[in-house]
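S.K.: quick one, fold the following:
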Amino acid sequence: MTAWHLITDQFPVEQRRDVWRDALEKLKLPLDHLPEDEDFFAKLLCLKSPLGIEFARITSSPQEISGRLMKKLDAVWLIVLIEGSATLTHPGGKLELAPQDIIYGQTGIPASLSFSTKFQVLYALIPKSAVNPRLITPLSFGVLHLPGRSGIGHVLSGMLKALAETFGTLTEGPLRPIDMALSEFLMTALADNPQVQTARGSAGIRSMALQRICQIIETRLSDPDLTLEDVANEYGGSARYLQKLFKEVDQTFSGYVRNRRLERCRHDLINPTFAHLGISQICFRWGFNEAAHFSRAFRDRYGTTPRAYRQSAGLADNDNGDFQVPPGAGTEGTAARQFAE
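M.R.: So this is what the prediction gives:
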């Protein structure tokens, strides 16, 4: 985990605006209008999580952040308003934001965020490598607003506000679950967002259908006997329809499930919370029913073995080498069907 901070009062008055512009540029935030105010004040505290998410708590005098993050920067940005008020202007319209409100979108989309009073926000820049891949496509709909006073927005806003308040005391361990929780929260918010549901006609409908299907899969990854038919039944559609949706995004059901299980295992392998678990226990808890197969799949996807990956994070390997299918694990036939595609 890396961290840095800046307080404009530590610089001569004539340098403070330029210093602040440079700091926001480092965060990939385009600063448009900065009032010529002798009392201008700004400070930020930044940290980068283990998965590369850049968080910044920004407290400042009035200003306007306007423009677009670089198109070539394949990432998702998110801002939660903690104190003050702000006006968001983007291709979809104009919106007044209140404390706890959240806005988010994919890089490359123009937007303007104007603060007329002193404010505090938590900003997150989430690289594609750290975001659940199924999140990227829906965000092409534009800049989205998540009200922070009710529903999932209230929960996410509370988590991010607590994160901002504890910036100075956080260590790498507590940041790992926050990394994962961010993409899961955003997934849920997207599924319920009317702007996304009505966008792009039938393409938007299919996108949201896939979103809900992926949510079902996420809750059942630990089931080694999970099949396409199981998910189709829970969703209320046909297996053929689900196959078509995955094909539209160049994936298969089985490949998607395998990759999500691998990603869950990868996170747990380097999470100190699960340091007491052996590698085989971790792979079994996420639906793999044969550790040798898991090891091969992990090496093929990440270019290293589970053991080497865990050791690179400074965690000991607790496996005793006795890889056995735990009681209740799926049959070999189910596993073969699941990974054959």
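
S.K.: buried stuff in the strand or helix carrying Asp18?
M.R.: Under the criterion of DSSP states H and E, Asp18 resides in helix 16-26. In terms of neighbour count (16 or more other CB atoms under 10 Å), helix 16-26 has its buried residues at Arg16, Arg17, Val19, Trp20, Ala23, Leu24. Quick note: C-beta positions are derived from backbone N, CA and C, even for glycine.

S.K.: distance check, the nearest residue to the third one once chain neighbours are set aside against Ala181.
M.R.: In space, and not counting its chain neighbours, Val19 is closest to Phe11: 5.1 Å by CB to CB, 6 or more residues apart in numbering. Counting by CB to CB, to the nearest Å, the gap from Phe11 to Ala181 is 36 Å.

S.K.: swap in Leu160?
M.R.: Note on Leu160: its distance to Ala181, by CB to CB, is 10 Å.

S.K.: contacts for the helix holding Asp18?
M.R.: With CB atoms under 8 Å, 6 or more residues apart in numbering as the test, helix 16-26 has contacts from Leu6, Thr8, Asp9, Phe11, Pro30, Leu31, Leu34, Phe40, Ala42, Leu44, Ser60, Ile65.

S.K.: from those residues, which is closest to Gly287?
M.R.: Each of the contacts of helix 16-26 was checked against Gly287 using CB to CB; the closest is Leu44, at 41.1 Å.

S.K.: residues near the residue nearest to that closest one when sequence neighbours are not counted, how many?
M.R.: In space, and not counting its chain neighbours, Leu44 is closest to Ile58: 4.8 Å by CB to CB, 6+ apart. Neighbour count of Ile58, defined by other CB atoms under 10 Å: 26.

S.K.: would you confirm that Ile58 belongs to a strand?
M.R.: Yes: when classified by DSSP: H, G, I helix; E, B strand; the rest coil, Ile58 is found to be part of a strand.

S.K.: pLDDT weak spots in the stretch 51-200 of the chain?
M.R.: Residues of the stretch 51-200 of the chain meeting the criterion pLDDT under 70: 68-73, 129-141, 172-174, 190-200.

S.K.: now the strands for it?
M.R.: Secondary structure of the stretch 51-200 of the chain (DSSP state E, counting those that start in this stretch): strands located at 54-60, 63-67, 75-83, 86-90, 93-97, 102-106, 111-115, 119-127, 144-146.

S.K.: could I get the ones you listed as JSON lines with distance to Gln215?
M.R.: Rendered in JSON lines, the data for the strands of the stretch 51-200 of the chain read as follows (distance: least, CB to CB, whole Å):
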{"stretch": "strand 54-60", "distance to Gln215": "25"}
{"stretch": "strand 63-67", "distance to Gln215": "32"}
{"stretch": "strand 75-83", "distance to Gln215": "18"}
{"stretch": "strand 86-90", "distance to Gln215": "27"}
{"stretch": "strand 93-97", "distance to Gln215": "27"}
{"stretch": "strand 102-106", "distance to Gln215": "18"}
{"stretch": "strand 111-115", "distance to Gln215": "27"}
{"stretch": "strand 119-127", "distance to Gln215": "19"}
{"stretch": "strand 144-146", "distance to Gln215": "17"}
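
S.K.: out of the ones you listed, nearest to Pro177?
M.R.: strand 54-60 (14.0 Å).

S.K.: which helix runs longest in this protein?
M.R.: In the chain, taking DSSP state H as the definition, the longest helix is helix 172-192.
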